Structures are given as structure tokens and as C-alpha cells.
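[1] Just to be clear, the model below is a prediction. Sequence and coordinates:
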Amino acid sequence: MTKRQLTKQQRRRIEQNQANAGTEINTQQEATEGKADDADLERYGVVIASYGAQVDIEAIDISKKIVRRCHLRANLPTIVSGDKVTWKDSGTHGVVIAQYPRKSELCRPDNRGNLRPVAANIDRIAIVIAPYPEPHTNLIDRYLVAAEHQAIQPLIILNKADQIEQENLESLISLAKNYEKIGYDYFLVSAKDGVGMKEFEAYLRGLTSVFVGQSGVGKSSLLNRLSPEINVAVGGLSKSKEKGTHTTTTSRLFHLPSGGDVIDSPGIREFGLWHLKPDAIAEGFIEFLAYLGKCRFRNCRHQHEPDCALIEAISAGKIQRARFESYLHMVSSLKDG
């Protein structure tokens with residue numbers, strides 16, 4: 001079935017609506033409020049949250065922002081938080097007519113291996129970790145590979161700095177700095193006492209970011225610190241397993257007072273990359289790029305082959321062994337999947 005895209009006429013109408021925002025559109029909206037012909041007014045909006053067959057849309061082509069629950073036309077692709085759409089308002093609800101092309105998207109495969117978008121039009125992916133639940137480098141690396149393949153700038157957020165104990169301080173800082181050496185920014189923050197939050201907030205300003213990470217690492221707490229009026233529900237850790245309890249059940253977009261948007265996503269313990277081939281996974285490790293294609297054998301699997309450029313780089317200390325082992329684990333998981 002063909003995905004419904006905007007027509008040239010709809011694009012021109014939306015551009016004109018945006019140019020006249022706050023004057024003609026406001027006047028027209030007030031004049032037609034409560035009337036049947038208001039349903040014919042096409043509007044430009046952003047998806048705040050998606051619930052399957054329905055979405056919450058915020059109108060952004062008028063001075064007075066409104067949020068309306070909308071139905072989806074049958075032949076539309078999957079709509080997620082961050083999508084830009086055209087919709088019509090009937091007063092109590094609306095209908096999404098078409099979807100704007102995405103500049104970026106974060107996807108993950110479902111249990112059947114089909115790619116499902118999680119969030120759209122993202123500038124940065126904030127990978128949140130914490131002392132507990134214990135951070136897993138393989139999960140972090142999966143997020144990084146996904147971000148690299150979708151050309152979204154990732155960063156590492158070490159949250160709950162107030163809970164870091166002396167015995168694990170060195171290992172956690174070392175973990176974050178290892179990613180910094182590769183070229184990824186990281187922030188040491190505390191949503192509880194505000195450590196590092198001003199710098200983190202400035203980094204997000206004017207952009208659309210998505211928070212990802214295991215349940216319990218404090219994504220919702222960070223969001224509440226950045227914008228207290230949002231008041232997102234916060235869950236604790238399961239005492240028996242030291243794993244987070246799920247508080248976010250659907251991805252949702254929030255506006256930050258300082259400028260910019262954040263999409264809060266459900267906690268993810270697994271992040272499969274079954275849709276990628278081994279060569280594509282290797283390209284998602286940015287420090288590998290200088291050595292790919294330089295092995296003796298064109299079909300080198302970077303395991304036991306002689307004159308493997310990656311293995312030689314590890315021996316020379318130019319590639320972290322832990323990252324290489326993470327790559328091998330991902331490739332192995334493709335066979336299991």
C-alpha cells in the first residue's frame with residue numbers, strides 16, 4: 001500500500017499558513033470556531049505522543065498552541081513522537097492527513113525482525129546510564145551503532161552522580177572516558193541535586209533529543225529536573241534484581257523551558273540490530289573506519305584471519321579491546337537471531 005505523502009498543493013498551503021501565523025489564521029480560527037467548515041482547515045503540527053491508531057498533535061502553525069487527540073488515515077505509515085504532519089481539526093478531535101518526510105529517525109527491530117520507528121526528527125540521542133542498574137557496554141554500543149547508522153549525534157549521560165560510591169567511582173568514570181576518547185561527549189550529572197545539569201541543559205538547547213537507556217537509570221528524573229512542571233512519573237529499582245521499574249509506557253515529546261525538545265522513551269533492556277549485516281555493524285564503530293578495507297582478505301571477518309587490520313590495531317593499542325569484543329558479540333547475536 002502506498003504511503004501517503006504531502007501533495008505540492010498541501011505544501012504550499014502549509015507554507016502560507018506558517019507565514020501568516022498569528023494573524024490571518026488566528027482570525028480564521030476564531031471566526032470558524034465551533035462551525036462545521038473548521039474541519040476543512042488544514043494545519044501543521046508535531047506529534048507529541050503516539051498510541052497506535054491515535055496520536056496527540058500539537059498545532060504549531062498558530063500563535064495559540066493547542067494539543068488535540070487525532071485519528072490516523074488508513075494508508076499512513078507508522079506515526080511516532082517528533083513526526084511533522086498535516087491534520088484537520090473538528091473541535092473535539094482531529095484527523096492526520098499526511099506525514100512530512102523525516103530528517104532522521106530512531107528505529108529498532110521487533111521480535112520478527114521488522115524495523116519499528118521509536119522517534120522521529122531527532123538531533124541527538126542521550127544514552128543514559130547510572131551506577132544502578134549496572135551499565136552494560138554492549139547495550140551502550142548497540143545504541144551507538146544505531147545512532148551512527150541513522151546519522152544522529154549520540155552522547156553518554158552518567159546520571160545519579162550522588163549515588164556513586166567510592167568503590168565504583170573509578171570504574172564508572174573510566175567507562176565514560178573510554179567513550180570520550182573515541183569521540184563521544186559525556187556528562188556526569190545528578191537529577192537529584194543538580195550536579196552538571198546547567199551544562200547538560202545548554203547542550204540540549206534548540207535541538208530535539210531523545211533519552212534512551214535501561215529502566216531505572218533516571219531518564220524521567222532528568223526530564224523533571226530540566227522542566228519541573230512536566231512532572232513525569234518516576235519509578236525506583238526492583239530491590240530483588242536491581243533493575244528499573246517501567247514508568248514511561250509510550251514515547252512522548254516535551255518542550256524544555258530553555259528551548260529545545262526532549263522525547264522520553266520507554267526503558268529498553270535489549271536493543272537488537274538483527275536488520276544489519278556484519279559489515280554494517282563494523283561501520284557503526286567509528287574507530288574501526290580507518291582500518292576497514294585494509295585487511296589482507298576482502299571478506300575478512302576480523303576474528304582469526306591473518307593480517308587483519310582491526311586485530312593489528314588492537315595489538316597496537318589503537319582500538320579498545322572491550323569495544324572489539326562488543327562488536328564480535330553483536331555479530332554473534334545475528335546468528336542467534
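    That came through, no problem.
[2] What is the burial count for the residue nearest to His275 when sequence neighbours are not counted?
    Of all residues not flanking His275 in the chain, Pro109 sits nearest, at 5.1 Å (Cβ to Cβ, 6 or more residues apart in numbering). Backbone N, C-alpha and C define where each C-beta goes, glycine included. The number of residues packed near Pro109 is 16, by other Cβ atoms under 10 Å.
[3] any idea how far Gly260 is from Pro109?
    Separation of Pro109 from Gly260 (Cβ to Cβ, to the nearest Å) stands at 29 Å.
[4] likewise Ala119?
    Taking Cβ to Cβ, one finds Ala119 at 14 Å from Gly260.
[5] When the two are compared, which one has more neighbours?
    Neighbours were counted for Ala119 and for Gly260 using other Cβ under 10 Å; Ala119 has more, 29 against 20.
[6] That one contacts Thr78, doesn't it?
    No: Ala119 lies out of contact with Thr78 (Cβ atoms under 8 Å); the separation is 11.4 Å.
[7] so which strand or helix has the nearest residue to Ala191 once chain neighbours are set aside?
    Nearest non-adjacent residue to Ala191, counting by Cβ to Cβ, 6+ apart: Ser221, 3.8 Å away. In the assignment (DSSP states H and E), Ser221 maps to helix 219-226.
[8] Point out where the stretch 1-150 of the chain drops to low pLDDT.
    The stretch 1-150 of the chain contains residues with pLDDT under 70 at 1-40, 62-63.
[9] let's go with 50 and repeat that
    1-3, 20-36 (pLDDT under 50).
[10] which stretches of it form strands?
    Along the stretch 1-150 of the chain, the segments classed as strands by DSSP state E, counting those that start in this stretch run 42-50, 54-59, 67-72, 84-89, 94-99, 105-109, 115-120, 124-129.
[11] Check which residues of the second one are buried.
    Which is strand 54-59. Gln54, Val55, Asp56, Ile57, Ala59 (16 or more other Cβ atoms under 10 Å).
[12] What pairs with that strand, parallel or antiparallel?
    Looking at strand 54-59 with DSSP bridges, its partner strands are strand 42-50 (antiparallel), strand 67-72 (antiparallel).
[13] Which residues does it contact?
    Under the contact criterion Cβ atoms under 8 Å, 6 or more residues apart in numbering, strand 54-59 has outside partners 43-50, 65-72, 79, 85, 87, 89, 94, 96.
[14] so that strand versus strand 84-89, what angle?
    Per axes from the mean of the first three to the mean of the last three Cα atoms, to 10 degrees, the angle that strand 54-59 makes with strand 84-89 is 90 degrees.
[15] so strand 54-59 versus strand 94-99, what angle?
    80 degrees.
[16] C-alpha coordinates for strand 54-59, CSV please?
    Taking Å, rounded to 0.1, in the frame of the first residue of the first chain, the C-alpha atoms of strand 54-59 are listed here in CSV:
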residue,chain,number,x,y,z
GLN,A,54,-4.4,7.6,17.6
VAL,A,55,-1.9,10.4,18.3
ASP,A,56,-1.6,13.6,20.2
ILE,A,57,-0.9,16.5,17.9
GLU,A,58,0.3,20.0,18.9
ALA,A,59,-0.6,22.7,16.4
